[in-house]
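Undergrad: Here is my input; please provide its structure:
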Amino acid sequence: MEDTLRTCYEALGFRQTPFSITPDTGLFFPGGRHVAAYKQLYHACMTGVISVLSGEIGLGKTLVLRCVLRTLPNSVRVAYLINPLMDLPDLLRTIGQDFGGPALPVGVPISVVHSHLVDTVLEGARDGTRFVVIVDEAHRLSSDALEALRLLSNLETERNKLIGLVLVGQPELERTLALRAMRPLRERVGVWLKLDPLSRSESSAYVRHRIKRTHRDGEFEFTSSALWWLQWYTRGVPRRINLACERAVLLAFALSTRRVTASMVRQACREFAGAWK
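TA: Model prediction:
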């Protein structure tokens, strides 16, 4: 399938896939709340502020994270957790290893794991190293894990926080943090961010941006009416836009044209009508 898609895109003048749903930082859209989220998360990572980024599925949270990770300096060590469904010892052991600590075997007491982790951070801090724990899909974290991360983020010197914490997840994360038991963590959050769907103008700019970044000569377009229907069907969700646009581009290839019309977009979006309700 990938080879077929690549052939279609090349025939239409594209250097690379313009509407992949994978988080390609080279196609990051400099619009909407995404740029603001990127800047604030970057600042949080550099200063140790606890931050939360929430949003519905498909709004680009992981892409924002990848952009932050790509641009952080080497002086920042990151523990990037993409699978938070692990028990507490494994969680702390993974963080310690990502920070450059020893690879501890399974079964080591949690007190030992925690001690090695703290030693790794204190040793790195003496050389000016900063540490950040970034948790994707953080709405899946248990209450115990969230409390452990809060306690870990308490590690500090007289002047600086030694470990920053970035929690990224779906709206369920907000509801979890609103619980009374989460008050100690909630009150320490310095940056609250929420991604929203793209507006109509942003959706159009998003599509044009991706075409401009990936097409050889720019001679490919979505008509104004096509972009109107695209927003209507996708409601401005970037992942949906990518899926619909990919199908519409394939229809353009089948019709030997470099112009996507409203009827092509409607036909493409009908394939996802059930899933997007």
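Undergrad: Does the nearest residue to Phe253 once chain neighbours are set aside belong to a helix, a strand or coil?
TA: Once flanking residues are discounted, Phe253 sits nearest to Cys8: 4.4 Å by CB to CB, 6 or more residues apart in numbering. In this view, the C-beta of every residue, glycine as well, is placed from N, C-alpha and C. What DSSP: H, G, I helix; E, B strand; the rest coil gives for Cys8 is helix.
Undergrad: Cys8 and Val249 touch, don't they?
TA: Yes - taking CB atoms under 8 Å as the definition, Cys8 is a contact partner of Val249 at 7.3 Å.
Undergrad: ok, now which ones touch Thr25?
TA: With contacts defined as CB atoms under 8 Å, 6 or more residues apart in numbering, the neighbours of Thr25 are Leu63, Arg66, Cys67, Arg70.
Undergrad: Toward the C-terminus from the helix or strand harbouring Leu250, list the very next helix or strand.
TA: Leu250 belongs to helix 238-254 when elements are defined using DSSP states H and E. Proceeding N to C from helix 238-254, the next assigned helix or strand is strand 259-260, under DSSP H and E.
Undergrad: Give me the helices and strands touching that following strand, please.
TA: With contacts taken as 3 or more CB pairs under 8 Å, 6 or more residues apart in numbering; DSSP states H and E, strand 259-260 sits against strand 221-222, helix 238-254.
Undergrad: after the first one comes which helix or strand?
TA: Once strand 221-222 ends, the next helix or strand along the chain (criterion: DSSP H and E) is helix 224-234.
Undergrad: okay, the angle between that following helix and helix 238-254?
TA: 140 degrees (axes from the mean of the first three to the mean of the last three CA atoms, to 10 degrees).
Undergrad: list the helices and strands helix 224-234 packs on?
TA: With contacts defined as 3+ CB pairs under 8 Å, 6+ apart, helix 224-234 has these neighbours: helix 200-214, helix 238-254, helix 262-270.
Undergrad: Same list, these, but as CSV with distance to Val189 please.
TA: Formatted as CSV, those follow (distance: least, CB to CB, whole Å):
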stretch, distance to Val189
helix 200-214, 27
helix 238-254, 25
helix 262-270, 37
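Undergrad: Just the buried subset of the contacts of Thr25, please.
TA: Buried subset of the contacts of Thr25 (neighbour count, 16 or more other CB atoms under 10 Å): Leu63, Arg66, Cys67.
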